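Undergrad: Let's see this in three dimensions:
(one chain, ligands or ions: 2)
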Amino acid sequence: MSFSEFSLTPEIVRSVHERGYREATPIQSGAIPPAIAGRDLVATAETGSGKTAAYLIPLLDHLNRSRAGGKRAHGISALVLVPTRELAIQVAREFAGLARHSRAKAAVIMGGDSMSRQLHDLRSGAQVLIACPGRLIDHLERATVSLGKVEMVVIDEADRLLDMGFLPQLRRVMRTLPKPRQTLMFSATMASGVRQIANEFLSNPARVSIGEKAAPPPSIQQSVYPATAESKGPMLLELLKDGDVESAIVFTRTKSRADRVAKLLTRNGIKAVAIHGDRSQSQRNAALGGFRARTYRVMVATDLAARGIDIPHVSHVINFDLPDETENYIHRIGRTARMGKSGHAFSLVTPEERVSLARIERALGGDLERERLAGFDAPEITAPRPVKLFRSVSMGRRSSRGSRRATWA
Ligand code: ADP
Ligand code: MG
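TA: Ligands and ions are numbered 1, 2, ... in the order given. Next comes the predicted model:
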């Protein structure tokens, strides 16, 4: 669907075209009409499907119409809640692009960043606030920000906000907001917590869901490389020798492992940088900025960086360690194959990680391709528990899992 079909204000249609968006993505086609009609909305779609513009376009449209209607924009009239600083920056960037021809301004509020700069932005007449809930509450407590004029709220990455334990903060912020207001909620998955939030804070929402469950785009080619704890490092180096690995995000289980892997790569002449929660905000910005600018070929990350980060040239995601949660696997690999490009997801898996692998394969509904690297032993990754065939008679759910496990042998 083309953007000119939505009856949007012309300022937005111009910015969207200048941004190079020709056609709305499916989630945009589904979300924009109910949102510009003023309805509350719950929208789910896989990562990389264009959810940010799906809410920023109606948000800007609303601001443009209020201005045209003579309503003077005074104070914050729209609030976007995001779970992480990285996302806040990304949303602000998309906002800047889409607001080019509107006079709307956004302020960003996030932890680990200068409070005085944030105050300056707030006072210089922003109508839109892009905020992480923790720091927003600090500002509310100090009365340095007022949400009394908010007409529209977006909860972005609702599933991630809940995973990160922001439910109490989210509730607190939502309770301070005036009514009536329009609330839009976006999520990659429709976890039960997300449904609960929707019931609590949205009224009679329209529902748009693209893709039934969080599933990785089919354009990602996924493979498993059986490994041992000792061979992971050398295998990673071997994989990175391939020139097809244009740009890669390598995921590790812990912060210290991320640092160690980044050092290993650097020692071996590969431009690499680590990003995780123990690094300062300026280090994280520098890492992400350098990776985005291709100064670094590899970014080594913990799950912190798994969601929302949108860097189009990532050709490979390499799981140095598997995540415990299947959803994190899907979000990690969703960092490649952005907007219809193809991508690769490699996982180095030791026999100790077989339980995580089993869970991921069950969620994906099939086994992942096993690959071997010349010169490395590939240990057998066996089923977590022995398959007891006699169970299959009485135990419905168990037996179907059992039969899939049997296929790994
Ligand atoms: P999500 O929040 O669903 O993970 P994003 O909003 O981060 O996805 O968008 C992913 C990428 O797609 C971004 O680079 C964005 O600029 C781009 N994009 C969004 N909408 C369109 C569109 N209609 N046409 C082309 N590219 C788009
Ligand atoms: Mg997003």
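Undergrad: going forward, measure contacts and count neighbours with C-alpha atoms only.
TA: OK.
Undergrad: What segments of the stretch 301-409 of the chain are helices?
TA: Along the stretch 301-409 of the chain, counting by DSSP state H, counting those that start in this stretch, helices occupy 326-333, 354-364, 396-406.
Undergrad: Could you tell me the angle between the first one and helix 354-364?
TA: This points to helix 326-333. Orientation check (axes from the mean of the first three to the mean of the last three CA atoms, to 10 degrees): helix 326-333 against helix 354-364 gives 80 degrees.
Undergrad: Quick check: mean pLDDT of helix 326-333?
TA: Across helix 326-333, pLDDT averages out at 86.
Undergrad: can you tell me which residues contact residue 222?
TA: 344, 345, 346, 347, 368, 369 (CA atoms under 8 Å, 6 or more residues apart in numbering).
Undergrad: run the last query once more with 6 Å
TA: 344, 345, 346 (CA atoms under 6 Å, 6 or more residues apart in numbering).
Undergrad: picking that back up, lowest average pLDDT across the helices of the stretch 301-409 of the chain?
TA: helix 396-406 (a mean of 37).
Undergrad: Pop the domain breakdown of the protein in here.
TA: Following automatic domain parsing, the chain resolves into domains at 3-209, 220-370.
Undergrad: out of those, which comes closest to ligand 1?
TA: Proximity to ligand 1 (CA to the nearest ligand atom) singles out domain 3-209 among the domains of the chain, at 3.5 Å.
Undergrad: Output the lengthiest helix in the chain as PDB, restricted to C-alpha atoms.
TA: Ranked by residue count under DSSP state H, the longest helix found in the chain is helix 51-68. Output of helix 51-68 as PDB, limited to C-alpha atoms (Å, rounded to 0.1, in the frame of the first residue of the first chain):
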ATOM      1  CA  LYS A  51       6.900  -0.800  13.700                       C
ATOM      2  CA  THR A  52       8.600   2.600  14.600                       C
ATOM      3  CA  ALA A  53       7.200   4.400  11.600                       C
ATOM      4  CA  ALA A  54       3.900   2.600  12.100                       C
ATOM      5  CA  TYR A  55       3.400   4.700  15.200                       C
ATOM      6  CA  LEU A  56       5.500   7.800  14.500                       C
ATOM      7  CA  ILE A  57       3.500   8.500  11.300                       C
ATOM      8  CA  PRO A  58       0.100   8.600  13.100                       C
ATOM      9  CA  LEU A  59       1.700  10.500  16.000                       C
ATOM     10  CA  LEU A  60       3.100  13.200  13.600                       C
ATOM     11  CA  ASP A  61      -0.200  13.300  11.700                       C
ATOM     12  CA  HIS A  62      -2.000  14.000  15.000                       C
ATOM     13  CA  LEU A  63       0.500  16.800  15.900                       C
ATOM     14  CA  ASN A  64       0.200  18.400  12.400                       C
ATOM     15  CA  ARG A  65      -3.600  18.300  12.500                       C
ATOM     16  CA  SER A  66      -3.700  19.800  16.000                       C
ATOM     17  CA  ARG A  67      -1.500  22.600  14.800                       C
ATOM     18  CA  ALA A  68      -3.500  23.200  11.600                       C
END
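Undergrad: Establish whether that helix and ligand 1 are in contact.
TA: Yes. Using CA under 6 Å from any ligand atom, helix 51-68 reaches ligand 1 at 51, 52, 53.
Undergrad: how many other residues sit next to the last one?
TA: Other residues near residue 53 come to 22 when the count uses other CA atoms under 10 Å.
Undergrad: Please apply the same query to the second one.
TA: Around residue 52 sit 21 other residues, with neighbours defined as other CA under 10 Å.
Undergrad: Find the nearest non-adjacent residue to it, please.
TA: residue 91 (6.7 Å; CA to CA, 6 or more residues apart in numbering).
Undergrad: name the element the one you found belongs to?
TA: Applying DSSP states H and E as the criterion places residue 91 in helix 85-98.
Undergrad: Also residue 260?
TA: helix 255-267.
Undergrad: what pairs with the helix or strand following that helix, and is each one parallel or antiparallel?
TA: Heading C-terminal from helix 255-267, the first helix or strand you meet, by DSSP H and E, is strand 272-275. Strand pairing for strand 272-275, using DSSP bridges, gives strand 298-301 (parallel).
Undergrad: what does the model give residue 195 for pLDDT?
TA: So residue 195 comes in at 87 (pLDDT).
Undergrad: again with the one 10 residues further on
TA: Note on residue 205: pLDDT of 93.
Undergrad: What is the neighbour count of it?
TA: There are 20 residues near residue 205, going by other CA under 10 Å.
Undergrad: for it, what are its contacts?
TA: Neighbouring residues of residue 205 by CA under 6 Å, 6+ apart: 40, 41.
Undergrad: Residue 286 - how many residues pack around it?
TA: 14.
Undergrad: Right, I'll call it a day here.
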